[in-house]
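S.K.: model this:
(one chain, ligands or ions: 1)
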Amino acid sequence: MMLGFEIILVVGVITAIGYPLFRSSDGETAIEEGDEYHKLLYRKDAAYLSLKELEFDYSSDKIDSEDYAKLKSNLEKEAVSILKQIDGLKRKAAPQPEQSAPRAKQGRFCTACGKQLNQHDKFCGSCGQKLS
Ligand SMILES: [Zn+2]
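M.R.: Numbering: from 1, shown residues only. Below you'll find the model as predicted:
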């Protein structure tokens, strides 16, 4: 009977997934937003892998359907919560609709006549407007 071993294995995997969280709370490593994001991606992969292993164990009759359903629902909840956290980080990191960057690339324009200027012009070449 492999059931006990399988449960230990799955619990071990879940613990491994959760480990970075516990480690991050000891204050030794400052968590950057980027680190958090990659950590979540890693945990998402780990959760999917655990789900796959669980499906495999179930399909090869290593665990009964009751345990399978319970473990699967736990792992799915874990995966969903990770995905939500990833979404949250993505939204936070997403660039705001910003117009200054493209405008800066297009160059300067005379405030008087609107003619395009070279980057270092002191006067407008068209109307002679003094430029700041
Ligand atoms: Zn001008």
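S.K.: right, and Leu83 touches Arg43 too?
M.R.: No - counting by CB atoms under 8 Å, Leu83 sits too far from Arg43 to count as a contact (10.1 Å). Where you see a C-beta, it was placed from the backbone N, CA and C, and this is true even at glycine.
S.K.: And those two? Which one has more around it.
M.R.: Arg43 (22 against 13; other CB atoms under 10 Å).
S.K.: same for the strand or helix carrying the more buried one, what does it pack against?
M.R.: Using DSSP states H and E, Arg43 sits in helix 33-59. Judged by 3 or more CB pairs under 8 Å, 6 or more residues apart in numbering; DSSP states H and E, helix 33-59 is in contact with helix 3-24, helix 65-93.
S.K.: Can you tell me the closest non-neighbouring residue to Val109?
M.R.: Wrong residue type there; residue 109 is Phe, not Val. Gln116 (5.6 Å; CB to CB, 6 or more residues apart in numbering).
S.K.: which ones are touching the one you found?
M.R.: By CB atoms under 8 Å, 6 or more residues apart in numbering, the contact set of Gln116 is 107-110.
S.K.: residues from this protein in reach of the ion?
M.R.: Contact residues (CB under 5 Å from the ion) of the chain with the ion: 110, 112-113, 115, 124, 126-127, 129.
S.K.: Among these, which one has the most neighbours?
M.R.: Taking other CB under 10 Å as the neighbour criterion, Cys124 ranks highest of these with 20 neighbours.
S.K.: Now the nearest residue to it once chain neighbours are set aside: phi and psi?
M.R.: Closest residue in space to Cys124, ignoring its immediate chain neighbours: Cys110 at 4.0 Å, by CB to CB, 6+ apart. Main-chain dihedrals, Cys110, degrees, to the nearest 10: phi -60, psi 130.
S.K.: doesn't Lys122 make contact with Cys110?
M.R.: No - using CB under 8 Å, Cys110 makes no contact with Lys122, being 11.8 Å away.
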